[in-house]
Each structure stands twice: as structure tokens, then as C-alpha cells.
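S.K.: Below is the structure, and that's it, no one-letter string:
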């Protein structure tokens, strides 16, 4: 799936949660991504964020960063 499509999709999810405080919205977006997005889609959006891709709403960006932190190996 193209990065543009993934950005559009995650921004739609973020807009649904827009009335929530950003931290809560990011948590709920991350939960949605874990439940409903294929691991390849999550990996693609993480790669997009890592490559400094633009266009994500702040809560969506934070959600992806949170997912990446969860997936990082613990030292």
C-alpha cells in the first residue's frame, strides 16, 4: 500500500479521535492500528515516519512513534 494511502487512512482515524487530548488520541490510534492494520501496513507507516515523511496529524504521528517505541528491543 502506498505511503499516501496509509497517511490518509491514519489521519482519518486521528480525525475521529480529534476531540480527545493528544496523548489519549495517540493511545487510541495505536490500539486501532494494532487491532486492525496488517503488520506490513504498520511497518510501512513506521518507515514513513522514520524517513521524516510529512502529512501526518500530530496525534497520528505520536501514535506511530509510540508503536515504534513498543516494538524496539529492550536493553
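M.R.: Thanks, I have it. Just so we're clear, the structure is a prediction, and the values are computed from it rather than from any experiment.
S.K.: Please, where are all the helices along this protein?
M.R.: 3-16, 22-36, 39-50, 58-71 (DSSP state H).
S.K.: Would you agree residue 48 is in contact with residue 5?
M.R.: No: if you go by CB atoms under 8 Å, residue 48 and residue 5 don't touch, sitting 10.9 Å apart. In this view, the C-beta of every residue, glycine as well, is placed from N, C-alpha and C.
S.K.: Neighbour count: the two, which is higher?
M.R.: The neighbour comparison of residue 48 against residue 5 (other CB atoms under 10 Å) goes to residue 48, with 20 against 11.
S.K.: Relative to residue 20, how far out is the more buried one?
M.R.: Between residue 48 and residue 20 the computed distance is 23 Å (CB to CB, to the nearest Å).
S.K.: Just say which of the helices of the chain is most tucked in.
M.R.: When these are scored by mean count of other CB atoms under 10 Å, the highest mean neighbour count falls to helix 58-71 (a mean of 18).
S.K.: That one to helix 39-50, inter-axis angle?
M.R.: Calculated by axes from the mean of the first three to the mean of the last three CA atoms, to 10 degrees, helix 58-71 forms an angle of 110 degrees with helix 39-50.
S.K.: which strands and helices sit next to helix 58-71?
M.R.: Under the contact criterion of 3 or more CB pairs under 8 Å, 6 or more residues apart in numbering; DSSP states H and E, helix 58-71 touches helix 3-16, helix 22-36, helix 39-50.
S.K.: closest to residue 67 out of those helices?
M.R.: helix 22-36 (5.3 Å; CB to CB).
S.K.: okay, the angle between that closest one and helix 3-16?
M.R.: Angle, helix 22-36 to helix 3-16, by the same axes, to 10 degrees: 120 degrees.
S.K.: tell me the mean pLDDT over helix 22-36?
M.R.: What helix 22-36 shows for mean pLDDT is 97.
S.K.: ditto for stretch 50-61
M.R.: pLDDT averaged over stretch 50-61 gives 96.
S.K.: Let me know which of the helices and strands packed on helix 58-71 is the nearest to residue 63.
M.R.: Across those, closest to residue 63 is helix 22-36 (CB to CB), at 3.7 Å.
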